[in-house]
Structure formats: structure tokens, C-alpha cells
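Peer 1: got a sequence here, can you model it:
(2 chains)
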Amino acid sequence: MNILEVKQLKTYFFTRRGIVKAVDDVSFDLQKGEVLCLVGESGSGKTVSALSILGLIDLPGRIMGGEVIFDGKDLRQYTPRQLRNIRGKRIAMIFQDPKESLNPVFTIGVQIMEPMKIHLKLSDKETKEKATSLLERVGIPKERFFSYPHELSGGMNQRAMIAMALACDPEILIADEPTSALDVTTQALFLEVLMDLKKERGMSMIFITHDLGIVAEIADRVVVMYAGRVMEKAEVTQIFENPRHPYTIGLLNSLPNFTKKKKLMPIPGQIPSLIDLRGCVFHTRCRFAKEICAKVILQEATVDEGHLSACLFHDSQEIVKASKEVGV
Amino acid sequence: MFKLSRKLIFVTIIAVIIATIAIDFFAMSGKLLSPLGYFYAFFSVFMLLYVVYPLYKNRRLTSYYWERTRKNRLAMLGLFFIVFLVILAIAGPFFTQDPNHVNFEEKNLPPVGFTTSQSVYDSQTGSLRNAEISGTWKHPLGMDDKGRDILAMLVSGARVSLQVGLVATFIALIIGVIIGVSSAYFGGMVDNILMRFTDIMMTFPFFLLLVFIVFIFGADLTLIILIIGMTGWTGAARIVRSEALSLRTREFVLASRALGASDARIIFRHLIPNVMGTLIVIATLSIPGVILAEAALSFIGLGDPTVASWGRILNAGQDNLETTWWVAVEPGIMLFLTVLSFNFLGDGLRDAFDPMSEL
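Peer 2: Numbers count the residues shown, from 1 in each chain, chains lettered A, B, ... in the order given. Sure, this is the predicted structure:
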């Protein structure tokens, strides 16, 4: 059952140098109880997609088209007030830098109570009890209720952020690279807490990351994004075993692989300027690019059931062969 | 428990004050309290609920800043003098003589320890004769040319100066913060309009406006305070705006929006508490300016004639600087010390609140 559907979302930024199509024709859906990973390098439009879902795009950015269907209704038709009632209560979001995402002048306890004060009509005592139990649930001793963010480690702050986001029992949690600012051991603890809570509450989750290791660990389905477009969408096993887009293949090849002792193969070049893109957005860096790639934009083509690729040649022998060679 | 009901308490007290004003105005024709008295009531309620209580509640943060401020000796000296001045202003008038009491017998009496020769009217011979007059402990700071006790005038002047300084700065800061923060937060058109309005207010000759208003409505301390406050917010608005601009792009603002906070909530719960440090510094640094403005106004004779302001005593003493110098010098010293104290304290607080400074 789809709990959230994003259809042909277009978010453009109107800058002096031109229109930046940060998110262009992005569609994906989130099923109840699953973890959907948005993967891609920096600037590929993952964060903007997430912010667009919640209607948090500020000028000069604007959502130019598409639908975000939640609960059978298009969130884009909601008034700002209705949207505020969704945010934090039914769809919550956590961000990359835990220190930056917490207000430096309030104790974390106060900040965990904040969303409950906004959305739930509870007595002060109940709010405080709930905040304390949440704090303990994410593995922070309750004496830390009166600590300021600067007195806690990055990992603790990030877990406090989860407590804040989960304060009102949201149905969907959007996590925007929550592990990027943490070191590896802290990451593991954080992910454990997060996944436990997800299971406990039957939440659905959109997890944004560029770390394919984490994707392999937690994802049910994966959306690979590049330059504001969806490159490939599939079940997580399909992405790792049978990638059918040159970009996904490139990403997987640039991962270190200890079993096959292969040289790392980085994707040459960098993400193009998002102004004035023609043809397939990836053709400038694609090693399989043909002439036609510079002219034609392919909407997603079906590879298999539930496996979509935006490559014209996703079925060509070259790509199938490259896909076999990846093998993670 | 107190936390949620704080707003309620505030609103209730404000309602009570407004009701009292209404009763006072309609039923008792303004006899209960002066307008300034009401202002003070409002001011102290606000300070208690939104400054003292949070400071008390966040004791650790408060003591952290206190420790940092304490290291600055000049700031502590300034604070010491300010506390002394506040006590003087509150309690002093109960112990000194009536500052408006005129006693021609003892006019031009010098301060203790000084002796001057003056021509004195001798009631026995009925003629003027030269006499040596020494200061007495009854009037330790001497008398002015109308025989008023200068100590008493200085003490009641301290009250005036502090009233002007605190209340006018308070008004200015409230306007400045609201304009500065909303300008930064909403950006775009709102920012443009508010900042151009600030520019206009900045270029407006404030002194001319004051002279004009005093000319039309007469010199009244409340009016003067209101005008100083309502024209003096421009600097604060700009500083607060620049601070809030950088705060606005911080992720915690986005994070609280993502958790469903409204614009008003972000402004009052997230932005304003974060500019509080700057605000305290702006306040202490702008109080001396305001005190000087009132003194200057009184000095040129546009002050409220019913109150013994330091500026007015200065003005009275300036004609006879050669003979009765103490009349002008004493309020001058008080003004000097007060302004210096606030500046020292402000500097100390600025260093304490500046995370970059190493103390």
C-alpha cells in the first residue's frame, strides 16, 4: 500500500544565471513500513525532493509541477496551516548536521517537548514524561534532559533529533543524510536505534544518503538520482545485483571491493550545471553514451517488474555485461 | 508548570494594568499613578517574566556568562556603580530633603571641605558684607543659587536618568527586535520595506523632532521618554537583522519548520532567544546615549521642568561656573560616571557573549 506518492515533481530555482532544475520529473512512491533510500552524489536533488514533499522550498525555489499524494490527498493543495499540521506530526524530518539542527540556546529536553507542544494537546507533565521516555528510548540517559546541544556528542545530538522527530509518532520519517556527520562506530549505533524504532512503530522511512554501504544494510527499495532526475528505481537486491543504468553501475564500481581485488573505477567528470540540460542528464559522463543520448530524454523504462531505468540502452549487451561485472 | 502559564500571567497582568489605566482615566481623572508609573509597572512585569525568570531558570548558562563577565574588572566596577545608582534612585529620595525645597538663607553653600568668600546679606546691619562660608555636613554637596540641596537633586536626578535610560531603551529594543527579526526572517519585500523605513527613521533628525514635539505638547518626561524610545530603535533593528539573517539560514530553523513550527513560533522561540546576548549588549551600550540625550535636552531647557534632571542642574550651574562651580560640576561627574559605567559594563558583556573572544 502506498503511503506517499510523488508524481512528476518539478522543483526549480530561479537564479540570475537561469532556471536551475534541481528536481525535474521525479516520481517515486513509498510503501507502508518500508525504507526507501534516495541515493546520489551531492547536488543530485535528493534533499530538494525531500524538502519539496514537506513544502519547505523557499524562494528563489518553487515547485513548478507534480503531485505529492499523502493520505489520498495532494499535499500541494494544502494551505500553509494544514501543511504545518502534517509536518512533525505525520511526516517528520531529520537533518544532516545534528549540532546545527538543534537550537543552541535550549536544552535538548525542551527541544524534544517542542513538537509535542505544537501538535499535541498534552499537559505539561505528560509532555515531560513522554520526552524523558523518548530520550531514554534513543539511548540517552535521562539526566541529559537538561543538557545543551554543545554539551553532547554528535551521535547523542543526532539521537536527540530522532527523539524530537518521533515525539508525535509520525507515519513517515524523512532522514536527510543523518549519518554523514557521524563517525562509523557512532553511525552503527545510530542506525540500530533508528531501525529499531522504525520497526517498533511501523513507520515508513525515506532515507537520503550517498553511502551505498548503508543502503545495502537498511533499504527495501532504492531510488538512484542524478542531476535532479531519477536514474534507476528498484528493489535493493536488484540495484546491487542487476543495475541497469550506467550511473548506478558507475556508483557501484567506485566502491572498494575487497573480495574481487579490483581497482576503483571513479565516474569521470562532475555533475553538470543544472541550467540548460539537454538529452540524458548523464550522457556527458557516461562511458556508454551514444550520439542520440545528447538529444533524447527517456522517461523511465521498465526493466523488470518494479525495476525502472532511465537509460535508453538499459537492455543493450554492453550494459548488461557491465552490470554483471559489478557484482558486489 | 509555570512555563506554560507564563504567557497567561503576562496577559493577565497587562489586562489588569490596562484596566487600572482605564479606571484611573475615566473615574479618577489620572490621580492614581503617573503615566510613567504605569509604564514602569509594565516594564517590571515584562523584565521579571521574560528576563529575570529565564535567567534564573537557565542558571548554568547564566553563571557561565556571569563568570566570563566577572573577569573584566572595569565591567564589574561599572556594574557596582550601576547597582549603587539603582539603590540610590529607589531608596535615596526617602532619606534626602525635598529637592524642590528653597532656602535662601543657605544659598550657594559650597560642598563639605570647601570654603568660599561670598557677599552675604547681614540682617543686623542691613547691608552686604564679605564672609567666608564653609560647607556643612547638613548639605554635603552644597546648595545651588536658590538654596536647594544638590545632593537631594542629584538623587532624584538619578531616578530620572535611570527611568529615561531603562524605559526608553526598552521601548527602542522592543521595536528594534521586532522590526529587525521579522525583516530578516521574511526577507524579500518585507525586508525591503522595513529596512527602507529604518533608513528613513535613521536620517530623520531626532533632536529636531523632540524640540518640535516639546514645543507643541509641552515638556513632559513621559513624552520625552516615548519619543527617545520610538526614534532610537534603528541601530538595534539593523544589528538584530544582521544577526537574524545568519541565524535564519542555520539548519535548526529549517528543522523546526520541518517539525511544524509556525513563523511566529520560529521568531519568538528560536530567533529572538538566539539574539538575546547581542540584545543585552546593545541595551547596555545604548542606555548612556539615551541618558545623555535627556540631559542634553534638559540642558538646553527643553526638559521637563517639574523634575530635577541632571541636565537641568547642569544648566542652572553653568552661568556661575567661576563662583559656584560645584552646582555644574557635581551633576557633570554623576553623568560622566554613569555613562562610563554603562559603557564599561556593555563592553564587558560584549566580550562575555562573544564566543570568539578569549577571556
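Peer 1: domains in chain A, by residue range?
Peer 2: Segmentation of chain A into domains, based on automatic domain parsing, reads A:2-224, A:243-326.
Peer 1: ok, chain B next?
Peer 2: Taking automatic domain parsing as the reference, chain B has its domains at B:1-70, B:72-102+B:146-353.
Peer 1: nearest residue to residue A:30 in space, please, no chain neighbours.
Peer 2: residue A:4 (4.2 Å; CB to CB, 6 or more residues apart in numbering or on different chains). Every residue, glycine included, has its C-beta placed from N, CA and C.
Peer 1: how about the domains of chain A in a markdown table, adding distance to residue B:159?
Peer 2: Output for those, formatted as a markdown table (distance: least, CB to CB, whole Å):
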| stretch | distance to residue B:159 |
| --- | --- |
| domain A:2-224 | 34 |
| domain A:243-326 | 65 |
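Peer 1: my read is that residue A:314 contacts residue A:244, right?
Peer 2: Yes - counting by CB atoms under 8 Å, residue A:244 is a contact partner of residue A:314 at 4.2 Å.
Peer 1: quick one: name the residues of chain A near chain B.
Peer 2: A:54, A:56, A:59, A:84-89, A:92-97, A:100-106, A:114-115, A:118-119, A:124, A:148, A:161, A:164-165 (CB under 8 Å from any CB of the partner chain).
Peer 1: which regions of chain A sit below the pLDDT cut-off?
Peer 2: A:257-262, A:298-299, A:327-328 (pLDDT under 70).
Peer 1: what are the ranges of the strands in chain A?
Peer 2: With DSSP state E as the criterion, chain A has strands at A:2-15, A:18-31, A:35-39, A:61-70, A:73-74, A:91-94, A:172-176, A:204-209, A:221-226, A:229-235, A:301-304, A:307-309.
Peer 1: for chain A, what's its nearest residue on the stretch 101-250 of chain B.
Peer 2: Chain A sits closest to residue B:250 of the stretch 101-250 of chain B, with a gap of 5.9 Å, by CB to the nearest CB.
Peer 1: list phi and psi for that residue.
Peer 2: phi -70, psi 150 (degrees, to the nearest 10).
Peer 1: list the contacts of it.
Peer 2: Taking CB atoms under 8 Å, 6 or more residues apart in numbering or on different chains, we find residue B:250 in contact with residue A:100.
Peer 1: what pLDDT does it get?
Peer 2: With respect to pLDDT, residue B:250 scores 84.
Peer 1: tell me how many other residues surround residue A:239.
Peer 2: Neighbour count for residue A:239, taken as other CB atoms under 10 Å in any protein chain shown: 28.
Peer 1: can you pull out the helices in the stretch 151-300 of chain B?
Peer 2: Secondary structure of the stretch 151-300 of chain B by DSSP state H, counting those that start in this stretch: the helices cover B:188-203, B:206-217, B:221-231, B:234-248, B:251-258, B:263-265, B:272-299.
Peer 1: of all those helices, which lies closest to residue B:164?
Peer 2: Nearest to residue B:164, of all the helices of the stretch 151-300 of chain B, is helix B:272-299, at 4.3 Å by CB to CB.
Peer 1: how far does that closest one sit from its chain's centre?
Peer 2: Distance, stretch centre to chain centre, for helix B:272-299: 7 Å (CA atoms, centre = their mean, to the nearest Å).
Peer 1: got the buried residues for it?
Peer 2: For helix B:272-299, the neighbour count (16 or more other CB atoms under 10 Å in any protein chain shown) marks B:272-295, B:297-299 as buried.
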